[in-house]
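[1] The amino acid sequence is not available; the structure is as follows:
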């Protein structure tokens, strides 16, 4: 069985100069606030790539894994939403943490990684996917429909039958060689 396609990322770029929103959050909550936001970025980029669901259970597990109280995590997330680090509408409407910047960074990285396609949720999109050189499959929560916004035409495999025949021939010739040891073909 084939391994499932990777959705998230193994890395994301981190700017050495924090934006004003993150600087204000750090001024309010110190390095703990900064660290929580960075760990949230790691969770977002690693898991789904461009968003993460944010429920009470997810918050509780996040707090436990990072040795921070659930109340501190909740306050820092609320501040990050208030300051615009995460989009307020997406947080309130869908219970997710994302932003246009996160989505643009994700699409830029998967373009550089030359992934054949990515699947995004229509309702969560905050950026124009056509600006990136990756095929995007847009899935809608409500209807289950999939639209394809393809920048490149996917390559088709050709000569699949020929490849299989070659494999079979190799196997047959290998078997014949094995039998020659026993003087069957003399």
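    Happy to help now that I have it. Everything numeric here is computed off the predicted structure, so don't read it as measured data.
[2] the longest helix in the chain is where?
    If you go by DSSP state H, the chain has its longest helix at helix 20-47.
[3] list the buried ones in that helix?
    Residues 21-22, 24-26, 29, 33-34, 36-37, 40-41, 43-45 are the ones in helix 20-47 that count as buried (16 or more other Cβ atoms under 10 Å). All C-beta spots, glycine's among them, are computed from the backbone N, C-alpha and C.
[4] Sheet partners, orientation included, of the helix or strand that comes right after it?
    As assigned by DSSP states H and E, the chain's next helix or strand after helix 20-47 is strand 52-53. In the sheet, strand 52-53 lines up against strand 96-97 (antiparallel) (DSSP bridges).
[5] show me what contacts residue 75?
    Applying Cβ atoms under 8 Å, 6 or more residues apart in numbering, one finds that residue 75 lies in contact with residue 29.
[6] how much space between it and residue 29?
    7 Å (Cβ to Cβ, to the nearest Å).
[7] What are the contacting residues of stretch 89-104?
    For stretch 89-104, contacts defined as Cβ under 8 Å, 6+ apart pick out 40-41, 44-45, 50-55, 77, 80-81, 84-87, 123-127.
[8] now those: which count as buried?
    Buried by 16+ other Cβ under 10 Å: 40-41, 44-45, 50-52, 54, 77, 80-81, 85-87, 124-127, out of the contacts of stretch 89-104.
[9] Distance check, residue 40 against residue 49.
    Computed with Cβ to Cβ, the distance linking residue 40 and residue 49 is 14 Å.
[10] circling back: need the worst-confidence member of the buried residues of helix 20-47.
    Least confident by pLDDT among the buried residues of helix 20-47: that is residue 45, with 88.
[11] where's that one relative to residue 66, distance?
    Distance of residue 45 to residue 66, computed by Cβ to Cβ: 16 Å.
[12] cool, and residue 42?
    Residue 42 sits 10 Å away from residue 66, going by Cβ to Cβ.
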